[in-house]
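> Next input, structure requested:
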Amino acid sequence: MEELKSLQKGYLEFMGISIEKLEPDEVIAAQDIDHRHLQPFGILHGGVSIALAETVASLGAWRNVGDEEMAVGLEISANHLRPGREGILRARALPLHRGRTTHVWDVVVTNGEESKPISLVRCTLAIVPRR
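I've put the predicted structure just below:
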């Protein structure tokens with residue numbers, strides 16, 4: 001888990017993402033929404049939801065591969081169902097497929113304590129050797 005600590009001091013800290021659960025079968029993370037995450041019309045920029053979703057999916061795949069491998073994004077698709085505005089963005093990732101060379105994870109992104117999703121994201125990751 002030293003590697004996760006170093007990640008948290010880099011990208012995760014920069015993005016304001018906190019990991020709430022990191023297991024091979026489920027990853028949950030949260031991110032505070034502020035003015036930097038809103039598009040000009042005052043609603044959450046879709047790219048913020050997608051970045052959070054890819055983060056939890058990638059971390060989930062990482063928890064499932066060996067030390068000689070890593071997970072990298074291969075394809076991502078998202079449906080934005082309703083606008084996010086303020087509060088906490090939360091993403092929950094669950095694996096659909098954990099193969100030798102690819103993983104597919106579904107991610108539900110919610111805004112605050114609401115159980116209604118604001119985005120549904122599917123992330124396909126390639127499992128590749130570490131360099």
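> how about the helices in the protein?
2-8, 11-15, 46-62 (DSSP state H).
> Between these, which one is closest to Ala29.
Closest to Ala29 of the helices of the chain is helix 46-62 (CB to CB; 5.0 Å). (C-beta placed from N, C-alpha, C; glycine too.)
> what's the closest one in contact with?
4, 11-12, 15, 17, 19, 22, 24, 26-29, 31, 33, 37, 70-73, 76, 78, 80, 84, 89, 91-93, 95, 98, 103, 105, 107, 109, 118-119, 121, 123, 125, 127 (CB atoms under 8 Å, 6 or more residues apart in numbering).
> let's go with 7 Å and repeat that
15, 17, 22, 27, 29, 31, 37, 70-71, 73, 76, 78, 80, 89, 91, 93, 95, 103, 105, 107, 109, 118-119, 121, 123, 125, 127 (CB atoms under 7 Å, 6 or more residues apart in numbering).
> which residues in the chain form strands?
All strands of the chain, identified by DSSP state E, fall at 17-23, 26-33, 69-80, 87-98, 102-111, 117-129.
> got those strands as JSON lines, with mean neighbour count and mean pLDDT columns?
Shown next, in JSON lines, are those (neighbours: other CB atoms under 10 Å; pLDDT from 0 to 100):
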{"stretch": "strand 17-23", "mean neighbour count": "15", "mean pLDDT": "93"}
{"stretch": "strand 26-33", "mean neighbour count": "19", "mean pLDDT": "95"}
{"stretch": "strand 69-80", "mean neighbour count": "15", "mean pLDDT": "96"}
{"stretch": "strand 87-98", "mean neighbour count": "18", "mean pLDDT": "96"}
{"stretch": "strand 102-111", "mean neighbour count": "21", "mean pLDDT": "97"}
{"stretch": "strand 117-129", "mean neighbour count": "19", "mean pLDDT": "97"}
